[in-house]
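Colleague: Pasting the sequence and the predicted model now:
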Amino acid sequence: MMDTIYEYFKTGNYKVILEPILNYGRADLGVYLGPKETIYVEVGTVSLYKLWFNLLTMKNIIFLIIPSEDKIIELKN
């Protein structure tokens with residue numbers, strides 16, 4: 001599933017980074033839409049503490065949590 005998500009954003013001409021460093025931990029993918037817009041993608045499970053901490057400390061980001069092939073949760077701050 002990670003490869004499919006990676007290819008989806010890559011074909012949209014976005015800069016995609018595997019396992020970018022967050023304020024706490026790493027995400028599975030980082031998608032850079034522009035100078036002030038970033039999407040971090042978590043595929044499968046994610047630590048609630050890591051998610052909470054990063055949402056509190058990082059600004060102007062979107063987290064996409066993809067727990068399964070037919071579900072997506074989007075969180076913005």
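Modeller: In hand now; what should we look at? Residues are numbered from 1 along each chain as shown.
Colleague: show me where the protein has strands.
Modeller: Counting by DSSP state E, the chain has strands at residues 15-18, 29-34, 37-43, 61-68, 71-76.
Colleague: Most tightly packed of those strands?
Modeller: The highest average neighbour count among those, using mean count of other C-beta atoms under 10 Å, belongs to strand 37-43 at a mean of 19. For the C-beta atoms, the positions are set from N, CA and C on the backbone; glycine is no exception.
Colleague: CA-only coordinates of it in CSV, if you can.
Modeller: Listed in CSV are the C-alpha atoms of strand 37-43, where the atom choice follows Å, rounded to 0.1, in the frame of the first residue of the first chain:
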residue,chain,number,x,y,z
GLU,A,37,2.0,23.0,2.8
THR,A,38,3.2,19.6,3.9
ILE,A,39,1.3,16.3,4.2
TYR,A,40,2.7,13.5,6.5
VAL,A,41,1.3,10.1,5.7
GLU,A,42,1.1,7.3,8.3
VAL,A,43,0.1,3.9,6.9
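Colleague: and the residue nearest the centre of the chain, what is it in contact with?
Modeller: When the chain is reduced to its mean C-alpha position, the closest residue under C-alpha atoms, centre = their mean turns out to be Tyr40, at 1.6 Å. Under the criterion of C-beta atoms under 8 Å, 6 or more residues apart in numbering, the contact list for Tyr40 reads 20, 22, 27, 29-31, 54, 61-64.
Colleague: Fine, thanks again, bye for now.
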